[in-house]
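**Student:** Build me a structure from this.
(2 chains)
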Amino acid sequence: MIDARHVPDVEEDELLARFIFSSRHIRGSTDGIKLEAFMPPPHAELSVTRHRDATEDEVWAAGRAIAHLRQRTLHGRGDVIANAFIKQDLSIQAAPLRDHASLPDNPNHANVTGWPDDKARQRLLAIEIAVQSRLVRPSDQ
Amino acid sequence: MTSATLTSGVSDAAQFIADTTQRNREHMDKSLAVGFERILRGELTEVWEECKYANWDGYDALPVSEDAFRNMQSFLEALPLGFPRPTIGADPHGHLSVEWYRSLRRVLSVAVSDDELLHYAALLGSNKTCGTETFYDEVPESILSLVRRVYS
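**Tutor:** Residues are numbered from 1 along each chain as shown, chains lettered A, B, ... in the order given. Down below sits the predicted model:
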(Lines give C-alpha, C1' and ligand atoms only; values in the text may rest on other atoms or scores of the structure.)
Protein backbone atom coordinates (compact mmCIF):
# COMPACT_ATOMS: atom_id res chain seq x y z
CA MET A 1 0.00 0.00 0.00
CA ILE A 2 1.00 3.65 -0.34
CA ASP A 3 3.28 5.02 2.38
CA ALA A 4 0.84 7.07 4.46
CA ARG A 5 3.60 9.59 5.18
CA HIS A 6 4.12 10.33 1.50
CA VAL A 7 0.85 10.10 -0.38
CA PRO A 8 1.17 11.17 -4.02
CA ASP A 9 -1.56 12.87 -5.98
CA VAL A 10 -3.80 10.62 -8.07
CA GLU A 11 -2.59 10.36 -11.65
CA GLU A 12 -4.95 10.03 -14.57
CA ASP A 13 -3.71 6.59 -15.60
CA GLU A 14 -4.06 5.07 -12.15
CA LEU A 15 -6.40 2.15 -11.57
CA LEU A 16 -9.08 2.77 -8.97
CA ALA A 17 -11.39 0.33 -7.23
CA ARG A 18 -15.00 0.96 -6.24
CA PHE A 19 -16.10 -1.74 -3.85
CA ILE A 20 -19.58 -3.15 -4.35
CA PHE A 21 -21.65 -4.07 -1.31
CA SER A 22 -25.05 -4.47 -2.95
CA SER A 23 -25.88 -7.22 -5.42
CA ARG A 24 -28.30 -4.77 -7.02
CA HIS A 25 -25.32 -2.90 -8.44
CA ILE A 26 -24.28 -5.84 -10.58
CA ARG A 27 -26.05 -6.56 -13.84
CA GLY A 28 -26.57 -10.30 -13.68
CA SER A 29 -27.08 -10.83 -17.41
CA THR A 30 -23.69 -9.49 -18.41
CA ASP A 31 -21.67 -9.34 -15.16
CA GLY A 32 -21.43 -5.61 -15.73
CA ILE A 33 -21.78 -2.87 -13.17
CA LYS A 34 -24.84 -0.65 -13.00
CA LEU A 35 -24.44 3.11 -12.87
CA GLU A 36 -25.76 3.32 -9.30
CA ALA A 37 -22.49 1.78 -8.08
CA PHE A 38 -20.72 4.92 -9.24
CA MET A 39 -23.16 7.50 -7.87
CA PRO A 40 -22.12 9.44 -4.78
CA PRO A 41 -24.38 9.67 -1.75
CA PRO A 42 -26.17 13.00 -1.35
CA HIS A 43 -23.85 15.89 -0.53
CA ALA A 44 -20.80 13.66 -0.43
CA GLU A 45 -17.94 12.37 -2.50
CA LEU A 46 -17.53 9.02 -4.20
CA SER A 47 -15.15 6.85 -2.23
CA VAL A 48 -12.56 4.75 -4.13
CA THR A 49 -9.38 2.84 -3.35
CA ARG A 50 -6.25 3.27 -5.39
CA HIS A 51 -4.48 0.18 -6.69
CA ARG A 52 -1.19 2.09 -6.59
CA ASP A 53 1.55 0.27 -4.65
CA ALA A 54 -0.98 -2.32 -3.50
CA THR A 55 -1.07 -6.04 -4.15
CA GLU A 56 -4.30 -7.72 -5.20
CA ASP A 57 -4.64 -9.13 -1.70
CA GLU A 58 -4.16 -5.70 -0.14
CA VAL A 59 -6.87 -4.20 -2.34
CA TRP A 60 -9.29 -6.97 -1.38
CA ALA A 61 -8.31 -6.57 2.28
CA ALA A 62 -9.34 -2.91 2.08
CA GLY A 63 -12.73 -3.91 0.70
CA ARG A 64 -13.26 -6.65 3.25
CA ALA A 65 -12.36 -4.27 6.07
CA ILE A 66 -15.12 -1.89 4.99
CA ALA A 67 -17.57 -4.76 4.54
CA HIS A 68 -16.82 -6.03 8.03
CA LEU A 69 -17.11 -2.61 9.66
CA ARG A 70 -20.34 -1.77 7.87
CA GLN A 71 -21.77 -5.28 8.11
CA ARG A 72 -22.15 -5.70 4.39
CA THR A 73 -21.24 -8.41 1.90
CA LEU A 74 -18.43 -7.64 -0.50
CA HIS A 75 -19.81 -8.71 -3.89
CA GLY A 76 -16.90 -7.46 -5.95
CA ARG A 77 -15.25 -4.30 -7.09
CA GLY A 78 -15.40 -2.13 -10.15
CA ASP A 79 -11.97 -1.31 -11.48
CA VAL A 80 -11.76 1.85 -13.55
CA ILE A 81 -8.98 4.13 -14.73
CA ALA A 82 -8.90 7.56 -13.05
CA ASN A 83 -9.19 9.23 -16.43
CA ALA A 84 -12.74 7.91 -16.76
CA PHE A 85 -13.74 10.27 -13.95
CA ILE A 86 -11.53 13.13 -15.13
CA LYS A 87 -13.09 13.01 -18.61
CA GLN A 88 -16.43 13.74 -16.92
CA ASP A 89 -14.94 16.87 -15.32
CA LEU A 90 -14.70 15.21 -11.94
CA SER A 91 -11.70 15.49 -9.64
CA ILE A 92 -9.98 12.81 -7.63
CA GLN A 93 -8.26 13.69 -4.39
CA ALA A 94 -6.03 11.39 -2.43
CA ALA A 95 -7.69 11.10 0.98
CA PRO A 96 -5.83 8.53 3.12
CA LEU A 97 -7.89 7.29 6.04
CA ARG A 98 -6.42 6.99 9.49
CA ASP A 99 -8.28 6.81 12.80
CA HIS A 100 -11.55 7.60 11.01
CA ALA A 101 -14.68 7.32 13.14
CA SER A 102 -16.50 4.91 10.85
CA LEU A 103 -14.03 3.68 8.25
CA PRO A 104 -10.97 1.43 8.49
CA ASP A 105 -7.46 2.81 7.95
CA ASN A 106 -6.65 2.97 4.25
CA PRO A 107 -3.70 4.97 2.91
CA ASN A 108 -4.93 4.25 -0.63
CA HIS A 109 -8.30 5.87 -0.14
CA ALA A 110 -9.37 8.68 -2.49
CA ASN A 111 -12.47 10.77 -3.09
CA VAL A 112 -14.06 11.64 -6.40
CA THR A 113 -15.49 15.14 -6.16
CA GLY A 114 -17.10 17.80 -8.32
CA TRP A 115 -20.39 16.00 -8.91
CA PRO A 116 -23.21 18.15 -10.28
CA ASP A 117 -26.24 18.70 -8.04
CA ASP A 118 -28.64 17.73 -10.83
CA LYS A 119 -29.62 14.09 -10.31
CA ALA A 120 -30.08 13.33 -13.98
CA ARG A 121 -26.61 14.71 -14.71
CA GLN A 122 -25.18 12.58 -11.92
CA ARG A 123 -26.76 9.51 -13.52
CA LEU A 124 -25.30 10.38 -16.91
CA LEU A 125 -21.78 10.83 -15.51
CA ALA A 126 -22.13 7.59 -13.56
CA ILE A 127 -23.32 5.67 -16.60
CA GLU A 128 -20.34 6.89 -18.64
CA ILE A 129 -17.99 5.76 -15.87
CA ALA A 130 -19.74 2.43 -15.39
CA VAL A 131 -19.32 1.43 -19.03
CA GLN A 132 -15.58 1.88 -18.66
CA SER A 133 -15.37 -0.22 -15.51
CA ARG A 134 -14.60 -3.88 -15.14
CA LEU A 135 -16.23 -6.09 -12.55
CA VAL A 136 -13.82 -8.18 -10.51
CA ARG A 137 -15.27 -10.80 -8.18
CA PRO A 138 -13.57 -11.77 -4.93
CA SER A 139 -11.44 -14.81 -5.58
CA ASP A 140 -12.88 -16.73 -2.64
CA GLN A 141 -16.47 -16.61 -3.93
CA MET B 1 -50.84 -21.98 -28.82
CA THR B 2 -49.96 -21.87 -32.48
CA SER B 3 -50.38 -18.66 -34.40
CA ALA B 4 -51.28 -20.45 -37.64
CA THR B 5 -54.98 -19.89 -38.11
CA LEU B 6 -57.27 -20.38 -41.03
CA THR B 7 -59.15 -17.13 -41.47
CA SER B 8 -59.89 -17.16 -45.13
CA GLY B 9 -63.18 -19.07 -44.90
CA VAL B 10 -66.49 -17.28 -44.88
CA SER B 11 -68.71 -19.93 -43.26
CA ASP B 12 -70.13 -19.67 -39.74
CA ALA B 13 -67.60 -22.30 -38.67
CA ALA B 14 -64.69 -20.30 -40.05
CA GLN B 15 -65.93 -17.16 -38.33
CA PHE B 16 -66.34 -19.08 -35.07
CA ILE B 17 -62.73 -20.31 -35.35
CA ALA B 18 -61.46 -16.79 -36.07
CA ASP B 19 -63.40 -15.29 -33.13
CA THR B 20 -62.26 -18.02 -30.74
CA THR B 21 -58.66 -17.65 -31.81
CA GLN B 22 -58.81 -13.91 -31.25
CA ARG B 23 -60.30 -14.37 -27.78
CA ASN B 24 -57.64 -16.95 -26.91
CA ARG B 25 -54.89 -14.65 -28.13
CA GLU B 26 -56.23 -11.79 -26.02
CA HIS B 27 -56.40 -14.11 -23.03
CA MET B 28 -52.78 -15.19 -23.63
CA ASP B 29 -51.64 -11.55 -23.91
CA LYS B 30 -53.43 -10.73 -20.69
CA SER B 31 -51.88 -13.76 -18.98
CA LEU B 32 -48.42 -12.76 -20.15
CA ALA B 33 -49.07 -9.24 -18.94
CA VAL B 34 -50.24 -10.55 -15.59
CA GLY B 35 -47.18 -12.82 -15.42
CA PHE B 36 -44.92 -9.94 -16.42
CA GLU B 37 -46.46 -7.70 -13.79
CA ARG B 38 -46.17 -10.41 -11.17
CA ILE B 39 -42.47 -10.91 -11.94
CA LEU B 40 -41.77 -7.19 -11.81
CA ARG B 41 -43.76 -6.74 -8.63
CA GLY B 42 -41.79 -9.55 -7.04
CA GLU B 43 -38.50 -8.02 -8.07
CA LEU B 44 -39.62 -4.59 -6.86
CA THR B 45 -40.53 -5.99 -3.46
CA GLU B 46 -37.17 -7.75 -3.21
CA VAL B 47 -35.24 -4.59 -4.03
CA TRP B 48 -37.25 -2.53 -1.57
CA GLU B 49 -36.74 -5.09 1.18
CA GLU B 50 -33.00 -4.86 0.63
CA CYS B 51 -32.78 -1.10 0.26
CA LYS B 52 -35.22 0.33 2.79
CA TYR B 53 -32.47 0.65 5.39
CA ALA B 54 -29.93 3.47 5.70
CA ASN B 55 -26.50 2.57 4.36
CA TRP B 56 -27.89 -0.36 2.37
CA ASP B 57 -25.02 0.06 -0.11
CA GLY B 58 -22.23 0.37 2.44
CA TYR B 59 -21.65 4.01 1.44
CA ASP B 60 -24.34 5.81 3.51
CA ALA B 61 -27.08 5.53 0.90
CA LEU B 62 -30.45 6.93 1.93
CA PRO B 63 -33.15 4.34 2.58
CA VAL B 64 -35.82 3.83 -0.06
CA SER B 65 -39.08 5.14 1.33
CA GLU B 66 -42.58 3.73 1.04
CA ASP B 67 -43.53 6.68 -1.16
CA ALA B 68 -40.68 5.79 -3.53
CA PHE B 69 -41.89 2.17 -3.55
CA ARG B 70 -45.46 3.20 -4.34
CA ASN B 71 -44.35 5.59 -7.07
CA MET B 72 -42.27 2.89 -8.72
CA GLN B 73 -45.20 0.52 -8.49
CA SER B 74 -47.36 3.09 -10.31
CA PHE B 75 -44.64 3.61 -12.90
CA LEU B 76 -44.35 -0.09 -13.66
CA GLU B 77 -48.12 -0.43 -13.91
CA ALA B 78 -48.18 2.47 -16.36
CA LEU B 79 -45.76 0.82 -18.79
CA PRO B 80 -47.48 -0.17 -22.03
CA LEU B 81 -48.39 -3.78 -22.62
CA GLY B 82 -45.66 -5.66 -24.43
CA PHE B 83 -42.91 -3.23 -23.45
CA PRO B 84 -39.44 -4.69 -22.88
CA ARG B 85 -38.98 -5.78 -19.31
CA PRO B 86 -36.63 -3.58 -17.29
CA THR B 87 -34.57 -4.62 -14.28
CA ILE B 88 -35.07 -2.83 -10.98
CA GLY B 89 -32.46 -1.23 -8.75
CA ALA B 90 -31.94 1.59 -6.30
CA ASP B 91 -29.62 4.57 -6.01
CA PRO B 92 -27.89 6.34 -3.09
CA HIS B 93 -30.54 9.08 -3.04
CA GLY B 94 -33.12 6.54 -1.90
CA HIS B 95 -34.75 6.33 -5.32
CA LEU B 96 -35.82 3.13 -6.99
CA SER B 97 -34.68 2.80 -10.58
CA VAL B 98 -35.37 0.80 -13.70
CA GLU B 99 -32.88 -0.05 -16.38
CA TRP B 100 -33.39 -1.12 -19.95
CA TYR B 101 -30.11 -2.58 -21.14
CA ARG B 102 -29.28 -3.85 -24.59
CA SER B 103 -25.51 -3.32 -24.73
CA LEU B 104 -22.82 -1.19 -23.12
CA ARG B 105 -23.79 1.85 -25.16
CA ARG B 106 -27.52 1.14 -25.50
CA VAL B 107 -28.90 1.60 -22.04
CA LEU B 108 -31.53 3.73 -20.33
CA SER B 109 -31.81 4.20 -16.59
CA VAL B 110 -34.73 5.96 -14.92
CA ALA B 111 -34.94 6.78 -11.23
CA VAL B 112 -38.41 7.28 -9.77
CA SER B 113 -38.22 9.58 -6.80
CA ASP B 114 -40.58 9.81 -3.83
CA ASP B 115 -41.69 13.25 -5.05
CA GLU B 116 -42.88 11.87 -8.42
CA LEU B 117 -39.95 12.98 -10.52
CA LEU B 118 -38.27 10.77 -13.11
CA HIS B 119 -34.52 11.35 -13.41
CA TYR B 120 -33.20 9.58 -16.49
CA ALA B 121 -29.94 9.06 -18.33
CA ALA B 122 -29.32 7.15 -21.53
CA LEU B 123 -26.49 6.08 -23.77
CA LEU B 124 -27.69 5.57 -27.34
CA GLY B 125 -24.69 4.57 -29.36
CA SER B 126 -22.61 7.68 -29.90
CA ASN B 127 -25.36 9.86 -28.42
CA LYS B 128 -26.27 10.42 -24.81
CA THR B 129 -28.97 12.29 -22.98
CA CYS B 130 -30.34 12.95 -19.53
CA GLY B 131 -33.19 14.87 -18.01
CA THR B 132 -35.99 15.05 -15.49
CA GLU B 133 -39.70 14.59 -16.13
CA THR B 134 -42.69 14.63 -13.85
CA PHE B 135 -44.68 11.45 -13.43
CA TYR B 136 -48.43 12.04 -13.54
CA ASP B 137 -49.58 8.39 -13.59
CA GLU B 138 -48.54 8.09 -17.26
CA VAL B 139 -45.06 7.35 -18.44
CA PRO B 140 -43.96 10.40 -20.45
CA GLU B 141 -43.63 9.83 -24.17
CA SER B 142 -40.04 11.06 -23.92
CA ILE B 143 -39.18 8.06 -21.72
CA LEU B 144 -41.10 5.60 -23.90
CA SER B 145 -39.31 6.93 -26.94
CA LEU B 146 -35.94 6.44 -25.29
CA VAL B 147 -36.79 2.81 -24.49
CA ARG B 148 -37.63 2.25 -28.16
CA ARG B 149 -34.35 3.82 -29.19
CA VAL B 150 -32.43 1.51 -26.85
CA TYR B 151 -33.81 -1.48 -28.75
CA SER B 152 -33.84 -0.02 -32.25
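**Student:** Please make it C-alpha for all contacts and neighbour counts, starting now.
**Tutor:** OK.
**Student:** so where do the helices sit in chain A?
**Tutor:** For chain A, applying DSSP state H gives helices covering A:56-69, A:82-86, A:119-130.
**Student:** whoops, chain B was the one
**Tutor:** Under DSSP H, chain B gives helices at B:12-51, B:66-78, B:141-151.
**Student:** Quick one, which of these gets closest to chain A.
**Tutor:** With C-alpha to the nearest C-alpha as the measure, helix B:12-51 is the member of the helices of chain B nearest chain A (7.6 Å).
**Student:** Report the mean confidence score over that closest one.
**Tutor:** For helix B:12-51, the mean pLDDT works out to 73.
**Student:** returning to what we had before: mind putting the helices of chain B into TSV with mean neighbour count?
**Tutor:** Formatted as TSV, the helices of chain B follow (neighbours: other C-alpha atoms under 10 Å in any protein chain shown):
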stretch	mean neighbour count
helix B:12-51	15
helix B:66-78	18
helix B:141-151	15
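**Student:** would JSON lines of those helices with distance to A:Ser23 be doable?
**Tutor:** What follows is the helices of chain B, written out as JSON lines (distance: least, C-alpha to C-alpha, whole Å):
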{"stretch": "helix B:12-51", "distance to A:Ser23": "10"}
{"stretch": "helix B:66-78", "distance to A:Ser23": "19"}
{"stretch": "helix B:141-151", "distance to A:Ser23": "24"}
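**Student:** which one of the ones you listed lies closest to A:Gln132?
**Tutor:** helix B:141-151 (18.7 Å; C-alpha to C-alpha).
**Student:** show me the contacts for the closest residue to B:Arg149 other than its chain neighbours.
**Tutor:** Closest residue in space to B:Arg149, ignoring its immediate chain neighbours: B:Leu124 at 7.1 Å, by C-alpha to C-alpha, 6 or more residues apart in numbering or on different chains. Taking C-alpha atoms under 8 Å, 6 or more residues apart in numbering or on different chains, we find B:Leu124 in contact with B:105-107, B:149-150.
**Student:** Quick one: name the residues of chain B near chain A.
**Tutor:** B:47, B:56-62, B:89-93, B:104-105, B:109, B:119-123, B:128-132 (C-alpha under 8 Å from any C-alpha of the partner chain).
**Student:** Buried members of these into ChimeraX, please.
**Tutor:** To isolate the buried ones among the residues of chain B next to chain A in ChimeraX, judged by 16 or more other C-alpha atoms under 10 Å in any protein chain shown, type:
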select /B:47,56,57,58,59,60,61,62,89,90,91,92,93,104,105,109,119,120,121,122,123,128,130,131,132
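**Student:** if you look at the residues of chain B next to chain A, which of them are in strands?
**Tutor:** B:89-90, B:109, B:119-123, B:128-132 (DSSP state E).
**Student:** How about the residues of chain A by chain B?
**Tutor:** Near chain B, when you scan chain A using C-alpha under 8 Å from any C-alpha, you find A:20-22, A:24-25, A:36-37, A:39-42, A:47, A:66-67, A:70, A:72, A:119-121, A:123-124, A:127, A:131.
**Student:** Among the residues you listed, name the buried ones.
**Tutor:** For the residues of chain A next to chain B, buried by 16+ other C-alpha under 10 Å: A:20-22, A:24-25, A:36-37, A:39-42, A:47, A:66-67, A:70, A:72, A:119-121, A:123-124, A:127, A:131.
**Student:** wait, what's in contact with the residue nearest to B:Pro92 when sequence neighbours are not counted?
**Tutor:** Ranked by C-alpha to C-alpha, 6+ apart and with sequence neighbours excluded, the top spatial neighbour of B:Pro92 is B:Ala61, at 4.1 Å. Contact analysis of B:Ala61 by C-alpha under 8 Å, 6+ apart lists A:41-42, B:54-55, B:91-94.
**Student:** Low-confidence stretches in chain B?
**Tutor:** Scanning chain B with the threshold set as pLDDT under 70 gives B:1-10, B:21-36.
**Student:** Could you list the buried residues of stretch A:73-92?
**Tutor:** For stretch A:73-92, using 16+ other C-alpha under 10 Å, the buried residues are A:73-86, A:90-92.
**Student:** follow-up on the earlier one: take the contacts of B:Ala61 and lay them out in JSON lines including distance to B:Ser145.
**Tutor:** JSON lines is the format used below for the contacts of B:Ala61 (distance: C-alpha to C-alpha, whole Å):
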{"residue": "A:Pro41", "distance to B:Ser145": "29"}
{"residue": "A:Pro42", "distance to B:Ser145": "29"}
{"residue": "B:Ala54", "distance to B:Ser145": "34"}
{"residue": "B:Asn55", "distance to B:Ser145": "34"}
{"residue": "B:Asp91", "distance to B:Ser145": "23"}
{"residue": "B:Pro92", "distance to B:Ser145": "26"}
{"residue": "B:His93", "distance to B:Ser145": "26"}
{"residue": "B:Gly94", "distance to B:Ser145": "26"}
